[in-house]
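# need a 3D model of the following:
(chains A, B, C and D)
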There are 4 protein chains.
Amino acid sequence: MSQINKLKIFNDPIYGFITIPNALIYDLIQHPYFQRLRRISQMGLSYLVYPGANHTRFHHALGCMHLMQKAVDVLRFKGIAISDEEENALYIAILLHDIGHGPFSHAMEKSIVEEVHHEAISLVFMSQLNDEFKGQLSLAIQIFKGEYHRKFMLQLISSQLDMDRMDYLKRDSFYSGVAEGNVNSERLIQMMNVVEDVLVIEEKGIYSVEKFLMSRRLMYWQAYLHKTSLVAELILTKVLKRAKELTLKGITLPCSEPLLFFMQNRIVLDNFNAQTLDLFSQLDDFDIISALKSWQGQDDFILSSLSKMIINRDLPKIKVVTDKLLLEDMLPLQERFAAENNISIADTNYFIFKGKIKNQAYSKEAEPIRILKKDRTIEDVVEASDQLNLKSLSKSVTKYYICFPKQLV
Amino acid sequence: MSQINKLKIFNDPIYGFITIPNALIYDLIQHPYFQRLRRISQMGLSYLVYPGANHTRFHHALGCMHLMQKAVDVLRFKGIAISDEEENALYIAILLHDIGHGPFSHAMEKSIVEEVHHEAISLVFMSQLNDEFKGQLSLAIQIFKGEYHRKFMLQLISSQLDMDRMDYLKRDSFYSGVAEGNVNSERLIQMMNVVEDVLVIEEKGIYSVEKFLMSRRLMYWQAYLHKTSLVAELILTKVLKRAKELTLKGITLPCSEPLLFFMQNRIVLDNFNAQTLDLFSQLDDFDIISALKSWQGQDDFILSSLSKMIINRDLPKIKVVTDKLLLEDMLPLQERFAAENNISIADTNYFIFKGKIKNQAYSKEAEPIRILKKDRTIEDVVEASDQLNLKSLSKSVTKYYICFPKQLV
Amino acid sequence: MSQINKLKIFNDPIYGFITIPNALIYDLIQHPYFQRLRRISQMGLSYLVYPGANHTRFHHALGCMHLMQKAVDVLRFKGIAISDEEENALYIAILLHDIGHGPFSHAMEKSIVEEVHHEAISLVFMSQLNDEFKGQLSLAIQIFKGEYHRKFMLQLISSQLDMDRMDYLKRDSFYSGVAEGNVNSERLIQMMNVVEDVLVIEEKGIYSVEKFLMSRRLMYWQAYLHKTSLVAELILTKVLKRAKELTLKGITLPCSEPLLFFMQNRIVLDNFNAQTLDLFSQLDDFDIISALKSWQGQDDFILSSLSKMIINRDLPKIKVVTDKLLLEDMLPLQERFAAENNISIADTNYFIFKGKIKNQAYSKEAEPIRILKKDRTIEDVVEASDQLNLKSLSKSVTKYYICFPKQLV
Amino acid sequence: MSQINKLKIFNDPIYGFITIPNALIYDLIQHPYFQRLRRISQMGLSYLVYPGANHTRFHHALGCMHLMQKAVDVLRFKGIAISDEEENALYIAILLHDIGHGPFSHAMEKSIVEEVHHEAISLVFMSQLNDEFKGQLSLAIQIFKGEYHRKFMLQLISSQLDMDRMDYLKRDSFYSGVAEGNVNSERLIQMMNVVEDVLVIEEKGIYSVEKFLMSRRLMYWQAYLHKTSLVAELILTKVLKRAKELTLKGITLPCSEPLLFFMQNRIVLDNFNAQTLDLFSQLDDFDIISALKSWQGQDDFILSSLSKMIINRDLPKIKVVTDKLLLEDMLPLQERFAAENNISIADTNYFIFKGKIKNQAYSKEAEPIRILKKDRTIEDVVEASDQLNLKSLSKSVTKYYICFPKQLV
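Sure, this is the predicted structure:
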């Protein structure tokens, strides 16, 4: 295909148009590894709460690349030198930063693929693609690994104010309709600058940073940790655990070949070889949801009950409190449920369980958001803010939950 | 569950909030038949062109109901009597009007379920639900069948300016990012009135009606019949046909049980019984896409090739022209392709084929859009418009296409 | 005019449509007192910073009424009894709550009309209108004065989470393009409830309240107290003071009759009689800006210099700091400016001056925002929030500024 | 001021941010000639119908420049050479294309400044600025006059699909809330190309062009020629005519000096000298509205009555029909009004009058919109469209109106 046909444009309800900057990026997007992201929901099962939240990791990755293009424009306009090679590496790195995500990765990482984190898998993908594309991804990988000397490039890809967060907060807020989670990415990018290869936000952008952190906090409690999303994800984790357990016992459950592989094998980074990558790259939401659909009819009470809960959105009750002590004692519930359903007390753990969730809008331990003050000094945003706000946003908040079947209410 | 808990609200990126008006509606939405719509994409495979277009028939049905609530408000404000029972029936009818859609229904109706139209299936669903809900859907069904004496009620549900079109044009435009397809549903509803039980639009709304029809036309050519969406749907139809063919020959293809049933049986309205409905109600996008994913590895060259095209978005070339004569002669292409791939000329029809598409933004034969003029007379919008515009919009436009593998270019 | 013609609709870029609920409201809007608000900018001189911020108090008042209609709907849906008479009084009260605003009222209240606050003038207007409309505004006035027993009605009109703030934050954010100041009024209203005639927000709305307060704070620092808006307003205050001073010395300055009246007379609430009201009701932005335009050519150096600054947007320099001590000593600047322009040191105060600005997003002293918890207890939002956030938002922030002519830089 | 401080950004509710590309543009914007546009409403008196329509010619001019920046980016991306000097000239020309507008220019050009068109005045302004800026505007003026050999540059500034129309349709639609008038400027610009120095739209943009023309037509009938806007403008024209008439008879009316000058003198292009320009540059909406406010109290019955109509938005009745013959005979109305108000029949023409309005969404006589077809041929959009639509849009539509005082109804 000629070069010119690769100068494509995507429609985006959020940014209007997303432009593919060059043929290499075009080819990466066309690769089956990347096309697969079209079949992975960005917000997992949140569409059970927010019916609009069906957007995909594919779209998010494009959105990040779009923001990166804006960031490069702004920084160059302010006189920061960015070579064409660096520019291209930034686009590749942000495009592929999430390519290691499997379907419903939070649930997956707690059940089937317990010992390999999605970032590690992203690197395996990138490395494989670098081979296929004859080394053209090398600088991108170097930046992604934090091995490039110009630190701000990594910060644009992965930090507390990176293109990833700017796009996902904006996009998740947009599609879910949680309008208050919207962040003004355009303004935040306008306020970016680079001092000695470190990313900074100009002082007049400080309210925008506060607003960004507030939005992040709001999105956590109102969307990502919304109690119905949470219970759905917890049940999904339980289903997958149960299925793996049964499989390892030798029971054959209907499911796709790639899913079967991960249920039959213990995968760690060391045995994540070419064949594993190939199978992993075939996994997406369709494998999981189709499996659940067919497991609804399986004999195992636990497996079929949990599967139905998700497919028919008939979820258990969940109670969230700020003080662990306020939660009921589970034992009476468990005894009742075990008796009613003729299962062991141990097995009631699939239906009745406790846990905690935690969120911190800004971490003082991680790479800080730096403010460039008018006198050219640089300060952590928490210090630069004129209020206690940010201090409070950097406090970690913990909540406690208990889940149990509705009929026990 | 108590009544009060059923007064739920859905977030909607388009309308802000969608309110569930009463407990019966709540229970219908909770029913697995309706929940299934969460797993059916509203725009089929269009997300291969517009990455944002992942919205579902579930969300669309809720959106229609929301617009119906607005319409009832406006009409009552203008003095039109609508009883509580009628109001409720309108909500039920619009909510369920599309419940008979299967996954990718255009492709399905041309391959696997060839002889039953989705509207007929909607009625089967409604009738089944009416049994379960003890006759509470009777008036809704009566309206939906066109048997209720107040004609405007059917017009609100199904006509050339109904809640269905108002929501899907708006929603499809919104999610695809084809901003120009947006329609001003709120204004159109404000302009509605009823004269002798017939729906009319007040004269000052005439430009809005024209704009609505223009948007419809634009959405057809730019989205629904976009050449890439079209070729994807055509290929999907071919895959399903091929799979059914192979199945009927006795070859077992991996796929879900419900899908298998429809591949093994010829279903017509007469044998669409309770068991058929049950199996149909288990079918959704996940059955189809998961099947395609596994068919990529099947021996049959045709089945595997076509499946890969969709999964990897590696689609054939399509050429669309306004004059059939401009299309190439297919035979040389077919001969070349047959030779190169060692298949029969007949089988090249799976890869190389012609066809036509047709669209008409407004039909003068169907139930017209009526304008209520200032002098209280009523006119078809085509007559009432001060220009040739609408006349031209009621002309049917035909285009011709040819599809063939990229390597033949 | 017939009743039916008064059922009018306004287009609003923010809410879509604003409906006039009845003929009395229509007649109030048509009254010259209310039409005058079309000529008063909602954000004063902020359009010198944000070129889109040309919206008027007229539009804001309509917007508030629209939100009040939503609030009445939501509260009635939740079972709170609101009679038709009360409903109507709420609409009247919110519509007229700001009718006492003069043009650029912050500057006016610090220069020409120093001793009468705009709220007092609103009541004079309402009382006059109540006479004209034969007592139909009595309940509205009672509510507005806080004399009605159902306290939540006043809270909807004037409190820390009233329709006024919800509309102006949303509207000012929208027109100025300071997107981050947007508030989700629709959601906040959905979360409202009334317990024992007191307005509360349901617990799940707490993040929305926090977001609302953050937006308010952001709008203060980024828009209302933006340093260029601030300096423009300060200079306008100086111009008006100077003009009044010259007028009182017997110098005749070109200006409109109503403006002349207020420059020649000292107005206090006691002499704010029918004639004063009549003249006040003729004052709007056009009197002020037209006066400034003609004063540019006056002999008085101070008057003409300051007038030009605003008309040509050639404003002095302003420096804003958080610590008063960081500001320069003014004396050297004053001496230099006095010498260069041949004016007295005292008169340099028109050009070189210091001051402070203060803001508090939430006041713990005022009527609190109350959260209705799930256990039906009620708590101040500051206590109910799980973080220090709100505590910090209720701290008052003070900043200090100095202004001086650009040529002194 | 340093170069860097001139790299300013404006907030825009429509485009997000508008960036000033260089210091010369900054200085032009700062010039009092340009700042004056802040005081001229873009849509004249339309805010009497659409309360949000208070946006100014200042903001529109900035918006046009922003779109021009996008157009330059797109064209360069497609390989069209545009030198830095040409780029800058394009920005200057579009920024200043409307600088010759006076306040309420339609009414002005039919009453006080009858013989000089605003485009001629724009050129006088540009020429004066070119002197002040030492010839830096020469190329912009050359393009604006149509004297530059690269024709597409003029087409970007002034044609049937120029940046001017794209911004004003979008902006007027946005601020008025007539959502259907919105045009997808971004997409239209993406579809632009240049062939042999002539501007073309690529074929796939054809539906967008149709939509653009439909929006234009809708905005004409729904906003610009809305019957209330129309009657307001007609009355304003009458007021100004009357005032000029009285002034020429030697009666002194209160008004600003610049307005007085234009009422006392007959201005043609030949005597539009430096002094005239100076006075013209002081005229804005404030002169007109302030004059009307004070004329309300004048003795002349005609002048005061008409002035009150606008200030209090108490406008005459207007009837619009498509067939002239449907209009009443005016004589009986005139006789009645003359008798009731004790004025001559001739003078009733200020209150009772007929006329016609005309609009054509696309002119086949003017510079066409050219479509670049896939086979690289170029066709007028009317020919390229697959329907009668555009043919119908190029038909001129005429309507007829009659205005008369409400009391005569």
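
# all strands for chain A, in order.
A:9-12, A:16-19, A:192-195, A:198-202, A:317-321, A:353-359, A:370-372, A:378-380, A:397-404 (DSSP state E).

# give me every residue that touches the closest residue to residue A:182 other than its chain neighbours.
Residue nearest to residue A:182 in three dimensions, not counting chain neighbours: residue A:173, with 4.6 Å by Cβ to Cβ, 6 or more residues apart in numbering or on different chains. (Glycine included, C-beta is placed from N, CA and C.) Under the criterion of Cβ atoms under 8 Å, 6 or more residues apart in numbering or on different chains, the neighbours of residue A:173 are A:179, A:180, A:181, A:182, A:183, A:215, A:219, A:223.

# also residue A:9?
Counting by Cβ under 8 Å, 6+ apart, residue A:9 has contacts A:17, A:18, A:19, A:20, D:190.

# derive a PyMOL selection command for the buried subset of these.
Buried members of the contacts of residue A:9 can be picked out in PyMOL with the line below, counting by 16 or more other Cβ atoms under 10 Å in any protein chain shown:
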select buried, (chain A and resi 18+19+20) or (chain D and resi 190)
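
# circling back to that earlier point, closest to residue C:236 out of the strands of chain A?
strand A:198-202 (29.1 Å; Cβ to Cβ).

# got a list of what residue A:46 touches?
Per Cβ under 8 Å, 6+ apart, neighbours of residue A:46: A:53, A:172, A:176, A:223, A:224, A:226, A:229.

# ditto for residue A:340
residue A:407 are the contacts of residue A:340 under Cβ under 8 Å, 6+ apart.

# again with residue A:379
Residue A:379 neighbours (Cβ under 8 Å, 6+ apart): A:370, A:371, A:373.

# same question, residue A:122
A:96, A:97, A:98, A:99, A:100, A:101, A:144.

# for the stretch 51-200 of chain A, which residue gets nearest to chain B?
residue A:177 (3.5 Å; Cβ to the nearest Cβ).

# excluding its backbone neighbours, what's nearest that residue?
residue B:11 (3.5 Å).

# need the max-distance pair from the contacts of residue A:173.
A:183 and A:223 (13.1 Å).

# neighbour count for the two, which is higher?
Set side by side, residue A:183 and residue A:223 show more neighbours around residue A:183, with 26 against 22, by other Cβ atoms under 10 Å in any protein chain shown.

# burial count for the residue lying closest to residue A:367 once chain neighbours are set aside?
Closest residue in space to residue A:367, ignoring its immediate chain neighbours: residue A:159 at 4.9 Å, by Cβ to Cβ, 6+ apart. Residues lying near residue A:159 (other Cβ under 10 Å) number 19.

# these two touch, right, residue A:222 and residue C:205?
No - using Cβ atoms under 8 Å, residue A:222 is not in contact with residue C:205; the gap is 10.3 Å.

# which residues of the stretch 101-250 of chain A lie near chain B?
Within the stretch 101-250 of chain A, the positions lying close to chain B (Cβ under 8 Å from any Cβ of the partner chain) are A:174, A:175, A:176, A:177, A:178, A:179.

# for the fourth one, give me its contacts.
Neighbouring residues of residue A:177 by Cβ under 8 Å, 6+ apart: A:50, A:52, B:11, B:12, B:13, B:16.

# out of those residues, which one sits closest to chain D?
residue B:16 (15.3 Å).

# contact partners for that closest one?
A:177, A:179, C:186, C:187.

# still on that earlier bit, and the buried ones among the contacts of residue A:177, selectable in ChimeraX?
Under the burial definition 16+ other Cβ under 10 Å, those of the contacts of residue A:177 that qualify are selected in ChimeraX by:
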select /A:50,52 /B:11,12,13,16
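
# so what are the domain limits for chain A?
A:3-226+A:365-395, A:234-358+A:402-408 (automatic domain parsing).

# turn those into JSON lines, including distance to residue C:59 and mean pLDDT.
Conversion of the domains of chain A to JSON lines gives the following (distance: least, Cβ to Cβ, whole Å; pLDDT from 0 to 100):
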{"stretch": "domain A:3-226+A:365-395", "distance to residue C:59": "22", "mean pLDDT": "91"}
{"stretch": "domain A:234-358+A:402-408", "distance to residue C:59": "41", "mean pLDDT": "93"}
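
# winner for burial among those?
domain A:3-226+A:365-395 (a mean of 20; mean count of other Cβ atoms under 10 Å in any protein chain shown).

# now do stretch A:36-53: distance from first to last residue.
18 Å (Cα to Cα, to the nearest Å).

# contacting residues for whichever residue of the stretch 301-409 of chain A sits closest to chain B?
In the stretch 301-409 of chain A, the residue found nearest to chain B is residue A:312; the distance is 4.7 Å by Cβ to the nearest Cβ. Residues near residue A:312 by Cβ under 8 Å, 6+ apart: B:32, B:35.

# and the stretch 151-300 of chain A, which residues reach chain D?
A:186, A:187, A:190.

# these: which ones sit near chain C?
Answer for those near chain C (Cβ under 8 Å from any Cβ): residue A:187.

# on that earlier part again, now the residue of the stretch 301-409 of chain A closest to chain B: how far from residue B:25?
The gap separating residue A:312 from residue B:25 is 17 Å, by Cβ to Cβ, to the nearest Å.

# go on, residue A:371?
Distance from residue A:371 to residue B:25, by Cβ to Cβ: 51 Å.

# ditto for residue A:326
Taking Cβ to Cβ, one finds residue A:326 at 34 Å from residue B:25.

# one more: residue A:155?
From residue A:155 to residue B:25 the distance is 49 Å (Cβ to Cβ).

# mind listing the helices for the stretch 301-409 of chain A?
Counting by DSSP state H, counting those that start in this stretch, the stretch 301-409 of chain A has helices at residues A:301-311, A:331-341, A:381-384, A:389-393.

# oh, that last question was meant for the stretch 51-200 of chain A, not what I typed.
So, for the stretch 51-200 of chain A - with DSSP H, counting those that start in this stretch - the helices run A:57-77, A:84-96, A:105-109, A:118-132, A:138-144, A:151-157, A:163-176, A:185-190.

# give me the helices and strands touching the third one, please.
Pointing back at helix A:105-109 there. helix A:227-248 (3 or more Cβ pairs under 8 Å, 6 or more residues apart in numbering or on different chains; DSSP states H and E).

# please compute how far the helix it packs on lies from its chain's middle.
Here the centre of helix A:227-248 is set off from its chain's centre by 18 Å, with Cα atoms, centre = their mean, to the nearest Å.

# and the contacts of it?
In contact with helix A:227-248 (Cβ under 8 Å, 6+ apart) are residues A:43-46, A:48-49, A:104, A:106-108, A:110-112, A:223, A:253, A:255, A:260, A:263-264, A:288, A:291-292, A:295, A:300, A:302-303, A:306-307, A:309-310, A:315-316, A:318, A:320, A:350, A:353, A:355, A:357, A:401, A:403.

# quick one: closest of the domains of chain A to residue B:70.
Using Cβ to Cβ, the nearest of the domains of chain A to residue B:70 is domain A:3-226+A:365-395, at 17.5 Å.

# around chain C, pick out the residues from chain A.
A:179-180, A:182, A:184, A:187, A:207-208, A:210-211, A:214-215, A:217-218, A:221-222, A:322, A:386-389, A:391-393, A:395, A:397.

# so residue A:404 touches residue A:317, yeah?
Yes - here residue A:404 reaches residue A:317: they are 5.8 Å apart, a contact under Cβ under 8 Å.

# so how far is residue C:137 from residue A:271?
From residue A:271 to residue C:137 the distance is 80 Å (Cβ to Cβ).

# for residue A:40, same thing?
With Cβ to Cβ as the criterion, residue A:40 and residue C:137 are 60 Å apart.

# please apply the same query to residue A:56.
Taking Cβ to Cβ, one finds residue A:56 at 56 Å from residue C:137.

# closest point of the stretch 251-400 of chain A to chain D, which residue?
Taking Cβ to the nearest Cβ, the stretch 251-400 of chain A has residue A:374 as its residue nearest chain D, at 12.9 Å.

# actually the stretch 101-250 of chain A, not the one I typed
residue A:186 (5.0 Å).
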